[in-house]
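Chemist: Got a sequence here, can you build the structure:
(one chain, ligands or ions: 1)
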Amino acid sequence: MERYLRNIAIKKIGEAGQERLCKARVLVCGCGGLGSGVILNLAAAGIGAIGLIDSDVLEVSNLNRQFIHNTEDIGKLKVLSAKERIQKLNPEVTVETFALRLNENNYQDIVKEYDIIIDCFDSYKSKFLLNEIAVKTNKPLIHGGVSEFCGQVTVIIPHKTPCLRCIFPEPDLEAKIPEGNLSPVVNLIASIEALEAIKLILGIQSPLQGHLLTIDALNLTFKSLKINSSRQCVLCS
Ligand SMILES: [Zn+2]
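Modeler: Residues are numbered from 1 along each chain as shown. A predicted model of the protein is given here:
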């Protein structure tokens, strides 16, 4: 427990809260920019088990922001280099890797083993699929997205708070998210995602349940927009 003394010193955590963190199982979907910050924050905090999903290998152009990986990892599966980094940071964390693309046929056996899903994917298609999986399996989902200087985060508790399809009923799944990404902006969003996961595990009510936090990092404006569950939602109504 010495490792976690500064967590335990926080009144809202304490020893009981740290034990909850150490027993928690979190599935991180995507080991790229958002995944780097989310995974390292969760591993440092002492999350008991972290699942990693990503089918990609590391490319040199990823390294401007995906700092869980190292230059020597170029060409390696991201789930494997991320696992190595976690084990160097905190060998007490159990890491499970899934070098695959999540789809309608393979999610059940993976997702059922975890308490919380975190969206660190980088395409609309994969983000909305993850939302569908969270609703179908009734797992809390921390959604995050980032592009250039803008980002957003929300916490989805299926059938209790609005899902992504409540907010965006007819998404263009083939649209491309602008690919410019700057490390501090990505990690601002990633840090909030990790924070929200930790709060969920500790049982601390989040202001992002039923709200979409939008961040303009250029002007440093943070807006929390109230969102409502849709009676017409094809997934969760
Ligand atoms: Zn919905």
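Chemist: can you list contacts of stretch 167-183?
Modeler: Here stretch 167-183 makes contact (Cβ atoms under 8 Å, 6 or more residues apart in numbering) with 33, 64-65, 67, 122-125, 128, 145-149, 154, 164-165, 212, 227, 230, 232-234. In this view, the C-beta of every residue, glycine as well, is placed from N, C-alpha and C.
Chemist: Alpha carbons of the lowest-mean-pLDDT helix or strand in the chain, as CSV, please.
Modeler: Here the helix or strand of the chain ranked lowest by mean pLDDT, DSSP states H and E is helix 164-167, holding a mean of 95. In CSV, the C-alpha atoms belonging to helix 164-167 read as follows (Å, rounded to 0.1, in the frame of the first residue of the first chain):
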residue,chain,number,x,y,z
LEU,A,164,-24.2,8.6,-27.8
ARG,A,165,-27.1,7.8,-30.1
CYS,A,166,-29.4,9.9,-27.9
ILE,A,167,-27.1,12.9,-28.5
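Chemist: where does the protein come near the ion, residue by residue?
Modeler: Contacts of the chain with the ion, taken as Cβ under 5 Å from the ion, map to 163, 165-166, 233, 235-236.
Chemist: Would you format those as JSON lines with neighbour count included?
Modeler: Shown next, in JSON lines, are those (neighbours: other Cβ atoms under 10 Å):
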{"residue": "Cys163", "neighbour count": "28"}
{"residue": "Arg165", "neighbour count": "20"}
{"residue": "Cys166", "neighbour count": "22"}
{"residue": "Cys233", "neighbour count": "16"}
{"residue": "Leu235", "neighbour count": "18"}
{"residue": "Cys236", "neighbour count": "21"}
